[in-house]
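**Q** Provide a 3D model corresponding to the input given below.
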Amino acid sequence: MNLPSLRARLLVLIVIVLAAVLLPLGFLSAKHTLEEVQELSDGRLAQAARTLEVLVGRIGVDQLRGQRSARLLVPSVSNHPQELTVQGRTFESEVGFQVFDRDGTLLLATENLAAVPDVPSADGAFRDIQNGRYQWRVFTLIMEDEGIVIRAGERYDSRNEITRALWIEHGTPMLLGLPLMAFLVGWAIRRGLAPLDTLARALSLREPGSRAPVHLDDAPAELRPVLNALNDQIDRLEGALDRERRFSADVAHELRTPLASTMINLEDAMASAQPDEAEAALAAARECLVSLARRTEQLLALARLESGAASGPRSRVDLGELALEVIDEMSPLIGTGDIELAVDVPADLVVEGYPAALGALMRNLLENAFRHAPSGGHVELSIQRREGLAVIDVADDGPGIPASQRSAMFTRFQRGSDSHQGGYGLGLSIVQRAVELHGASIRLSDAGEGGGLRVVVELPLA
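**A** This is a model prediction of the structure:
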């Protein structure tokens, strides 16, 4: 089932609203106008009767009664009908009057109203009287002192004609105006929704993988939040796709060698007839698997940081407690080497951050330091408070990194000159990502005159 378009829905709803408002208003207006016309026509009848009352008084009631046997009839058709004829109708024949004596004798009348019977009515009353095929609207005026009854009448033909004319006058604009209004409203809706068509065209013309924001010239104020949200969503989506592509490439690149080495060592162990050679090959295979597990862990940690998995709600993190937890976790690695670790961490040094990311930062800094420190060397971990900042300082007395290569060391899989130590070039990339998540800063420098490397990370205090 195809749902109507937004344009069609707006058009239908607007036309329904207009019809629901205009049609009742037009009907009420026509009804009110007709009531006013009826009142005006009744007023004319009453005024005609009053005028006739004055004329009868001037003529004299006795004179009229003297002519009662002759009944004076006033012609109801003009000698010059063309003067009062409109569209073939003679409106003069549609109005008339009657004058009755107290006993109901007709004294004076127009020809068209003479045959209408005398129906008793109250003074000043209006009533409808049917005479043949015509219906009359009659106003009765009683001259009590003279005993005369005056009636002024009007056929409903003219009133019905006015009624029809008013209904046509009020109904025609509605019948013609609503379709015209629907057409104009549809045109206005198309014009108003044109920015949506422009946005659809702009999106359809975008190059796959483009991170350029969608821009519309003179975008309406209502569409700007949509554009901002859309551009933000596009940037997030493209970022997520980039991370997925990078992670896939990293996994394919970094896990290929350990897997191949493991397979070769296992094949050698299976093919060897000497127990000592088979045991050595299995031990080498185990070392390759340990290396593979560690490399996989680092790749997953980097992927979690880059995907923002660690960037949920921030929490208060005590750096001293976190450092001790990391050191306890790394105790097997620390105990296997002849390297001294000096720790200086204060209590109650709290920052707002992500515990997983900060733990990964400290863990990788210490792993790098232990990996590059020589046998019998030293590694120092210091956390200090300095001018509203928490400063994490990790130093070792290894070969260090030349100043010209330090900026490149934050690139993934970038390793220093002592790559024989078994690093994969991911440690400082993980550290760099954790630093970015916290709006912190990081710098590399010489640990001292004897060389080595010092990594300093500065985090805003809570």
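
**Q** For this protein, name the helix or strand with the lowest mean pLDDT.
**A** Sorting the helices and strands of the chain by mean pLDDT, DSSP states H and E puts strand 85-86 at the bottom, at a mean of 44.

**Q** Return the list of helices and strands in contact with the host helix or strand of D232.
**A** Secondary structure from DSSP states H and E places D232 in helix 224-271. Identification of packing neighbours for helix 224-271 by 3 or more Cβ pairs under 8 Å, 6 or more residues apart in numbering; DSSP states H and E yields helix 275-306. Glycine gets a C-beta too; all of them are placed from N, C-alpha and C.

**Q** Could you pull up the mean pLDDT of the helix or strand following the helix it packs on?
**A** The helix or strand immediately downstream of helix 275-306 is strand 315-318, counting by DSSP H and E. Averaged over strand 315-318, pLDDT sits at 88.

**Q** Beyond strand 315-318, next helix or strand please.
**A** Once strand 315-318 ends, the next helix or strand along the chain (criterion: DSSP H and E) is helix 319-329.

**Q** per-domain residue ranges of the protein.
**A** The chain breaks down into these domains under automatic domain parsing: 6-173, 203-309, 315-460.

**Q** what about A221, is that helix, strand or coil?
**A** Under DSSP: H, G, I helix; E, B strand; the rest coil, A221 falls in the coil class.

**Q** For burial, what's the neighbour tally of it?
**A** Using other Cβ atoms under 10 Å, A221 has 6 other residues around it.

**Q** Can you give the distance of the longest helix seen in the chain from its chain's centre?
**A** In the chain, taking DSSP state H as the definition, the longest helix is helix 6-59. Using Cα atoms, centre = their mean, to the nearest Å, the distance from the centre of helix 6-59 to the centre of the chain it belongs to is 45 Å.

**Q** Let me see the residues that make contact with whichever helix or strand comes after it.
**A** Using DSSP H and E, the next helix or strand after helix 6-59 towards the C-terminus is helix 61-66. By Cβ atoms under 8 Å, 6 or more residues apart in numbering, the residues outside helix 61-66 that reach it are V56, L72, V99, D101, L107, L108, M143, E146, G147, I148.

**Q** So R385, which state does it fall into?
**A** Under three-state DSSP, R385 falls in the strand class.

**Q** Any idea what it is bridged to?
**A** According to DSSP bridges, the residues that bridge with R385 are A390.

**Q** So what's the residue count around it?
**A** 13.

**Q** just P208 next, same as before
**A** By the other Cβ under 10 Å criterion, the neighbourhood of P208 contains 6 residues.

**Q** by contact count, what packs against the longest helix of the chain?
**A** strand 95-100, strand 134-143, strand 148-155, helix 156-192.

**Q** try it again with 6 Å
**A** strand 134-143, strand 148-155, helix 156-192 (3 or more Cβ pairs under 6 Å, 6 or more residues apart in numbering; DSSP states H and E).

**Q** And the residue nearest to A182 when sequence neighbours are not counted, how close does it get to A30?
**A** Take A182 and drop its neighbours on the chain: the residue closest to it by Cβ to Cβ, 6 or more residues apart in numbering is V15, 4.9 Å away. The gap separating V15 from A30 is 21 Å, by Cβ to Cβ, to the nearest Å.

**Q** Next: G320.
**A** G320 is 87 Å from A30, where distance means Cβ to Cβ.

**Q** Show me the shaky parts of the stretch 351-462 of the chain.
**A** Flagging of the stretch 351-462 of the chain using pLDDT under 70 yields the residue ranges 408-427, 450.

**Q** ok, which stretches of it are helices?
**A** Taking DSSP state H, counting those that start in this stretch as the criterion, the stretch 351-462 of the chain contains helices spanning 355-372, 427-437.

**Q** got TSV for those helices, with distance to D268 and mean neighbour count too?
**A** What follows is the helices of the stretch 351-462 of the chain, written out as TSV (distance: least, Cβ to Cβ, whole Å; neighbours: other Cβ atoms under 10 Å):
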stretch	distance to D268	mean neighbour count
helix 355-372	28	22
helix 427-437	31	23
